[in-house]
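Predicted model follows, preceded by the sequence.
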Amino acid sequence: MANAYDEAHSLSLRDPAAFWGKAAEDIHWVKRWDKVLDDSNPPFYRWFAGGELNTCYNCVDRHVEAGHGERTAIIYDSPITGTKRQISYAELKQKVASFAGVLADQGVTKGDRVIVYMPMVPEALVAMLACARLGAVHSVVFGGFAAHELATRINDAQPRVIVAASCGLEPGRVIAYKPLLDQAIQMASHKPEKCVILQREQKTAELIPGRDVDWAEAVSNARPHDCVPVLATDPLYILYTSGTTGQPKGVVRDNGGHAVALKWTMKGIYNVEPGEPYWAASDVGWVVGHSYICYAPLLHGCATVVFEGKPVGTPDAGTFWRIINEYRIPVLFTAPTAFRAIKKEDPNGEFLHKYDLSHFRTLFLAGERADPNTITWAQSHLQVPVIDHWWQTETGWAIAANCIGLHEFPVKLGSPTKAAPGWDVQTLGEDKQPVPPGQIGALVCKLPLPPGTLPTLWNADDRFRQAYLDEYPGYYKTGDAGFVDEEGYVYVMTRTDDIINVAGHRLSTGAMEEVLSNHPDVAECAVIGVHDDMKGQMPLGFLVLKAGVGRSHEEIVAEAVKMVRDIIGPVAAFKKALVVPRLPKTRSGKILRGTMQKIADHEEFKMPATIDDPDILPEIEEALHEIGLAR
């Protein structure tokens, strides 16, 4: 007998206009759409064409107007500073309207870009929502990114204004943001007109007269700004993801489809009710933070948690349980990395059992493949469903999930369950034809993609086609390989390109190689992702030195590691490299990174038929063995 999931998924593919048109009734529209799905210009499909709305109004004002102004909107908990604060929807409306006034005073209008370079504080959400209020396009850059990475995003997005904090905080250290920002602006060819700086007491910043504006001072002088209606197809934000060329790709998110899809997921996937608290333990700099710290919970009228801390060490491995207990949180969404860290520090769950988690219903994991060991550990200690789900920066929400709000399926370890409504996931072989259930191939999604996904890349339609659509005509290329079993469960096995996943952060090994190749002693290099129990994967560099280099390998490796950290930032987690005499390649010159990765991860591998010199692989094995990574 068909269940609610089967009915929803079937309808969403058979008649997407009916399915998403009904979901769109939960959003407030200034003007209703002319067409739910505009398919007149494939592959550039657009949702809710002709419709007008304001995302900030749907996240904030409408709840106040419905009489829910006293309901909690943001729970701020910073174990690093010892700060706890709750902000109601009425207070949030006042803060966002005032900061929208600040941005308007700096010349920001509909369509302008604003870069947000902020730590995990409520003001980060205020800045994002204020942009949405004005119809401006925000681009949040993770606070751990180095000046060079910030500069590339400044050049691509060309922001009129940058919003930043004076510093971010990590356990035991303060990271000054302002010097990185100043350096990035100096490096960038595009110059923002103004920078609005939130001064934090842990480290205040020197403001540059004429360019820099003090947040608090500007807010005190600003007039609140109303919501500006925008087209459903207008961009809400740009979020940069690693590009294999070293040039980041600006994923565009529109206003209408994004609001409809994210609002639907809060009940359909996560089974959360308006008024309940919801916690995504991520960072606003990543897509999870955009979707499930800022927008989805507020669209649904929930309280969202802004957490400035770590799963362990702030102060101990019980931090997550303390927050779930204190704020009566029913659903947590985090990365498997966080649970691996907790499990390492507290294998027997002693911290967990100190807290009352009787109200806790579901744990959702995403960011990288959740290993069976972590899932079973979490299941045994939490005694609730532990749901792995699969999605990407580009998709904005889950491609495959156990949609708890529709029907709870049995968990199969290693699978994020079934394709979510709106998603037609298929597995294609090398001939680009569908393969039988259970057979591994390229995981692809049939076009059109559902609402809330990327309609294109920022100012790069051709690159959008090349990166995602050209290889499999009629499909979106996920870049993941895996299979779908006979019951429709999806299994995601590995990346098909050179993007590696470090603690839920997708990073380009190509970008790291670009940096390493600039070292004066390095002739060529390769970077692979090797298995790591804590982070999922960690990057490992292989350096082939130029002839005649007489310096010590240790010195060169230390310099190379520092270069990657300086240019890409600590987020790259690049800590290890080794010097090798040569790299294994195909006869056409392609480096056999996949084979090197299998050796490092102790996996069986076949000698590649196209290898140029098979004797190189034992050399790689020996070099890895010396650092404890091969048998």
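Thanks, I have the structure now.

I'd like to know how far residue 372 sits from residue 386.
Residue 372 sits 11 Å away from residue 386, going by CB to CB, to the nearest Å. (C-beta placed from N, C-alpha, C; glycine too.)

between these two, which one's more packed in?
residue 386 (24 against 12; other CB atoms under 10 Å).

Pull up the per-residue confidence for that one.
For residue 386, the pLDDT comes out at 96.

correct me, but it touches residue 378?
Yes. In terms of CB atoms under 8 Å, residue 386 counts as a neighbour of residue 378; the distance is 4.6 Å.

joint contacts of the two?
Here residue 386 and residue 378 have 363, 365 as joint contacts, going by CB atoms under 8 Å, 6 or more residues apart in numbering.

what ranges do the strands span in the stretch 351-500 of the chain?
362-365, 386-388, 400-401, 418-419, 425-428, 441-446, 475-484, 490-495, 499-502 (DSSP state E, counting those that start in this stretch).

Which other helices and strands does the third one contact?
Under the contact criterion of 3 or more CB pairs under 8 Å, 6 or more residues apart in numbering; DSSP states H and E, strand 400-401 touches strand 418-419.

My guess is residue 489 contacts residue 411. True?
No. Contact criterion CB under 8 Å: residue 489 and residue 411 do not qualify, at 9.7 Å.

which residues of this protein score low on pLDDT?
For the chain, the stretches flagged by pLDDT under 70 are 144, 242-246, 494-499, 506, 508, 586-590, 609-610, 630-631.

that older thread, would you turn the strands of the stretch 351-500 of the chain into a markdown table with distance to residue 562?
Below are the strands of the stretch 351-500 of the chain laid out as a markdown table (distance: least, CB to CB, whole Å):
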| stretch | distance to residue 562 |
| --- | --- |
| strand 362-365 | 33 |
| strand 386-388 | 36 |
| strand 400-401 | 39 |
| strand 418-419 | 44 |
| strand 425-428 | 42 |
| strand 441-446 | 37 |
| strand 475-484 | 30 |
| strand 490-495 | 27 |
| strand 499-502 | 18 |
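
Ok, which of those strands comes nearest residue 629?
strand 499-502 (15.2 Å; CB to CB).

packing partners for the closest one?
Strand 499-502 packs on strand 505-508, strand 522-532, strand 536-545, going by 3+ CB pairs under 8 Å, 6+ apart.

Between its first and last residues, how far does stretch 66-82 reach?
When the termini of stretch 66-82 are compared using CA to CA, to the nearest Å, they are 34 Å apart.

let me redo that: stretch 96-116
14 Å.

what does stretch 104-116 give?
Termini of stretch 104-116 sit 15 Å apart (CA to CA).

Now for residue 155, how many residues are close by?
Neighbours of residue 155 (other CB under 10 Å): 14.

Kindly report the same for residue 378.
22.

Check the secondary structure at residue 297 for me.
Of the three states, residue 297 takes helix according to DSSP: H, G, I helix; E, B strand; the rest coil.

check contacts around it.
Contact analysis of residue 297 by CB under 8 Å, 6+ apart lists 266, 272, 278, 280, 303-304.

go with 7 Å
Shown in contact with residue 297 (CB atoms under 7 Å, 6 or more residues apart in numbering): 266, 278, 304.

ok, back up a step: could I get the helices and strands packed on strand 499-502 as CSV with distance to residue 49?
Formatted as CSV, the helices and strands packed on strand 499-502 follow (distance: least, CB to CB, whole Å):
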stretch, distance to residue 49
strand 505-508, 31
strand 522-532, 40
strand 536-545, 39
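
Format those as TSV; extra columns: distance to residue 447 and mean neighbour count.
Shown next, in TSV, are the helices and strands packed on strand 499-502 (distance: least, CB to CB, whole Å; neighbours: other CB atoms under 10 Å):
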stretch	distance to residue 447	mean neighbour count
strand 505-508	22	22
strand 522-532	29	20
strand 536-545	30	22
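
if we take the contacts of residue 297, which one ends up nearest to residue 444?
Nearest to residue 444 among these, with distances taken as CB to CB, is residue 266, at 27.1 Å.

Hmm, the closest one is touching residue 300, no?
Yes. Look at residue 266 against residue 300 with CB atoms under 7 Å: they come within range, at 3.9 Å.

residues shared between the contacts of those two?
Joint contacts of residue 266 and residue 300 (CB under 7 Å, 6+ apart) are residue 272.

neighbours around residue 520, how many?
With other CB under 10 Å as criterion, residue 520 counts 8.

Please name the residues that touch it.
Counting by CB under 7 Å, 6+ apart, residue 520 has no contacts.

and the gap between residue 239 and residue 250?
Look at residue 239 and residue 250: by CB to CB, they are 7 Å apart.

Same check on residue 340?
Taking CB to CB, one finds residue 340 at 31 Å from residue 250.

Give me the more crowded residue out of those two.
residue 250 (25 against 22).

give me phi/psi at that one?
Main-chain dihedrals, residue 250, degrees, to the nearest 10: phi -90, psi 100.

heads up, I number from 37, so please use that
I'll keep to 37 as the first residue from here, and by that count the last item is residue 286.

now it, nearest residue through space, not along the chain?
residue 494 (3.1 Å; CB to CB, 6 or more residues apart in numbering).

For residue 246, find the nearest of the strands of the stretch 387-536 of the chain.
strand 535-538 (39.6 Å).

Now find how far off-centre the closest one is within its chain.
A distance of 12 Å separates the centroid of the chain from that of strand 535-538, by CA atoms, centre = their mean, to the nearest Å.
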